[in-house]
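Student: return a 3D structure for these sequence lines:
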Amino acid sequence: MKKITFIACLCWLVTSFGLLNAQTMTFDTGASETGFTFSQWQVITPGTIAPVSTTIPAVITKDTGTWNATSIDITFAGGNTYTVTSNLGDTQSFTTNIGTINLVGFTGITSLSFVRTAGGGASPDFDNLAYTVGSACTDPTIPTVTATSPICPGASTTLTITGTLNDATAWNVYSGSCGGT
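Tutor: Reported below is the predicted structural model:
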C-alpha cells in the first residue's frame, strides 16, 4: 500500500518570515509614511520623530491591512524605559539607549503604541522603523483526489487532483510505502 500526502505551497509561509516588501520608515519628512497614520508624534530634527508626551501613547497605525514591525533606531537617549504594544497585545519594553531595538513577535498587526513606563528623562528620538507588509493570501481549498482504477501493486492508475490553488503556487505530491517516508 502506498501512502500519498498532498501539500499545497502556502503563501503565508513567505510573509511570516518577512521576505516580502521589506521597507524602512526614515521620517525624512516628519512623522509620515504612505499608508500609515501617526498620532501623538512630533518632528524633532529632519529624519527623527519623538512622542509628543511621555504619558500619552504615541501610535502608528496602518490605514488598511496588516504589517510586521521588525526594528526601530533610537538616535537620542532620553534615559527612560519605553513599552511598545501592538493592537494584538504583543508588548516589549526597552531602555532608550542609542542603538537599534529589534522588535520581536510584532507580526500581523495594525498598530503600534509607544509609551514611557519608567524614568524621568526627555522623550527619545526614533528613526528607521523597519517593517514588512505581506500581500493578502487566500489558502488553497482541500483537494479531492480520484483514481481511474484501484491502486494495486504492479498496476498503474491515473490520479486526478481537483481543488483551487488560490494564492498557492502548486500542488506537491509525495509518496512512500506504509512504513517509509
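
Student: next structured bit after the worst-scoring helix or strand of the chain on mean pLDDT?
Tutor: Lowest mean confidence among the helices and strands of the chain (mean pLDDT, DSSP states H and E): helix 12-16, at a mean of 35. The helix or strand immediately downstream of helix 12-16 is strand 22-25, counting by DSSP states H and E.

Student: now the residue nearest to residue 97 when sequence neighbours are not counted: how far from residue 157?
Tutor: Nearest non-adjacent residue to residue 97, counting by CB to CB, 6 or more residues apart in numbering: residue 77, 5.2 Å away. In short, each C-beta sits where N, CA and C put it, glycine included. Distance, residue 77 to residue 157, by CB to CB, to the nearest Å: 69 Å.

Student: and the two? Which one has more around it.
Tutor: residue 77 (15 against 12; other CB atoms under 10 Å).

Student: so where's this protein uncertain?
Tutor: Residues of the chain meeting the criterion pLDDT under 70: 1-21, 134-137, 167, 174-181.

Student: try 90 this time
Tutor: The chain contains residues with pLDDT under 90 at 1-22, 28-30, 44-47, 54, 77-79, 121-123, 133-181.

Student: neighbouring strands of the helix or strand containing residue 68 in the sheet, and parallel or not?
Tutor: Secondary structure assigned from DSSP H and E places residue 68 in strand 68-76. Its sheet considered, strand 68-76 pairs with strand 99-102 (antiparallel), strand 125-132 (antiparallel) by DSSP bridges.

Student: what's the first helix or strand after the first one?
Tutor: Same thing as strand 99-102. Using DSSP H and E, the helix or strand that follows strand 99-102 in sequence is strand 111-119.
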